[in-house]
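Enquirer: pasting the sequence and the predicted model now:
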Amino acid sequence: MRLFLVLVLFLSACSFGADYESVGEKYLGTPYLIDPLGEEQETDTDPLIRYDGFDCVTFVETVLADEDEEKLTKIRYKNGQVSFFNRNHFIESDWLKNNADIVENISGAYGKTSIRTVVIDKQKWLKTVHDMDYDCPVEIVNIEYIPYKNLKNLKTDEVLIVLFIAGNSGKSDKIGTDLAVTHMGFLLPDGRLRHASSAAGKVVDVDFMDYVAKQEKNNNNLGITLVKIK
């Protein structure tokens, strides 16, 4: 019974309902920081939770967790077990799968979709970026997304997580693996994108369709994935 109540409280904290304007609102203007969270020990000595700076992923995660470190740990780590190797480093292969109890890809409800096949080579990424030897199998993941050309008059009556999807432009040679998800934030029902922006250097609100129009100018940017918060 206690486990059930904990789960209900966790899910209710992640269900924003009609009060969408408050979703991460208090963090507007908070500085953008690259990779601000870690395990408080080697390999990444950054804190488990903080509120003075975010990147796009940690902003979404912290808001979903409603500033609760235990909930944030469950979101950021497989089975809630804190370690660098258990962290959900890749949205495509780790984050979406390990958080399937609270999020769901519902892109098909908002437009004609396509599939981006992503080849995640975590072992090569660890060696290339972190100079770490760790045995990991290559994972092939299919992520459903709405191509920008099919994104017409998008309207939603609920807060959604939006993932921005790109093709493989050769960046994999620099980081050791393919990537599809290049950015994420919250899509609000009034058409605003609330996100931690590296370009703005802080958490900001922007017009979602204006942001999409800028993304479309790069041919390697493919479209968006819309994720429901259960």
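Expert: Cool, the structure landed. Note that this is a predicted model, so its numbers are computed, not measured.
Enquirer: C-terminal to the helix or strand of the chain with the lowest mean pLDDT, what's the next element?
Expert: Ranked by mean pLDDT, DSSP states H and E, the helix or strand of the chain with the weakest confidence is helix 2-14, at a mean of 39. Sequence order places helix 56-65 as the next helix or strand after helix 2-14, per DSSP states H and E.
Enquirer: what mean pLDDT does that next one have?
Expert: Per-residue pLDDT over helix 56-65 has a mean of 97.
Enquirer: what of stretch 128-147?
Expert: Here the average pLDDT along stretch 128-147 is 95.
Enquirer: tell me which residues in it are buried?
Expert: Neighbour-count burial for stretch 128-147, counted by 16 or more other Cβ atoms under 10 Å, picks out Thr128, Glu139, Val141, Ile143, Glu144, Tyr145, Ile146, Pro147. The way it works is simple: take the backbone N, C-alpha and C, and place the C-beta from them, glycine included.
Enquirer: end to end, how far does it reach?
Expert: 31 Å (Cα to Cα, to the nearest Å).
Enquirer: distance check, the closest residue to Thr45 other than its chain neighbours against Leu28.
Expert: Counting by Cβ to Cβ, 6 or more residues apart in numbering, Gly38 is the residue found nearest to Thr45 once chain neighbours are left out, at 5.9 Å. The gap separating Gly38 from Leu28 is 25 Å, by Cβ to Cβ, to the nearest Å.
Enquirer: ok, these two, which is more surrounded?
Expert: Gly38 (16 against 11; other Cβ atoms under 10 Å).
Enquirer: do you know the pLDDT at the nearest residue to Lys112 once chain neighbours are set aside?
Expert: The shortest distance from Lys112 to any non-neighbouring residue, by Cβ to Cβ, 6+ apart, is to Asn150 (4.6 Å). At Asn150, the model reports a pLDDT of 94.
Enquirer: and Asn150, what does it touch?
Expert: With contacts taken as Cβ atoms under 8 Å, 6 or more residues apart in numbering, Asn150 has the following neighbours: Gly111, Lys112, Thr113, Gly223.
Enquirer: remind me which residues of the chain are low pLDDT?
Expert: Counting by pLDDT under 70, the chain has low-confidence residues at 1-19, 170.
Enquirer: strands along that one, start to end?
Expert: 103-105, 114-120, 139-147, 160-166, 181-187, 192-197, 202-207, 221-229 (DSSP state E).
Enquirer: so which of those strands is nearest Ile34?
Expert: Closest approach to Ile34 among those (Cβ to Cβ): strand 192-197, 10.3 Å.
Enquirer: which helices and strands does the closest one pack with?
Expert: helix 56-65, strand 181-187, strand 202-207, helix 208-216 (3 or more Cβ pairs under 8 Å, 6 or more residues apart in numbering; DSSP states H and E).
Enquirer: let's have these in a markdown table, adding distance to Tyr77 and mean neighbour count.
Expert: Formatted as a markdown table, those follow (distance: least, Cβ to Cβ, whole Å; neighbours: other Cβ atoms under 10 Å):
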| stretch | distance to Tyr77 | mean neighbour count |
| --- | --- | --- |
| helix 56-65 | 11 | 23 |
| strand 181-187 | 18 | 22 |
| strand 202-207 | 23 | 18 |
| helix 208-216 | 30 | 15 |
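Enquirer: any chance of the ones you listed in JSON lines, plus distance to Ser107?
Expert: Shown next, in JSON lines, are the helices and strands packed on strand 192-197 (distance: least, Cβ to Cβ, whole Å):
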{"stretch": "helix 56-65", "distance to Ser107": "17"}
{"stretch": "strand 181-187", "distance to Ser107": "12"}
{"stretch": "strand 202-207", "distance to Ser107": "21"}
{"stretch": "helix 208-216", "distance to Ser107": "14"}
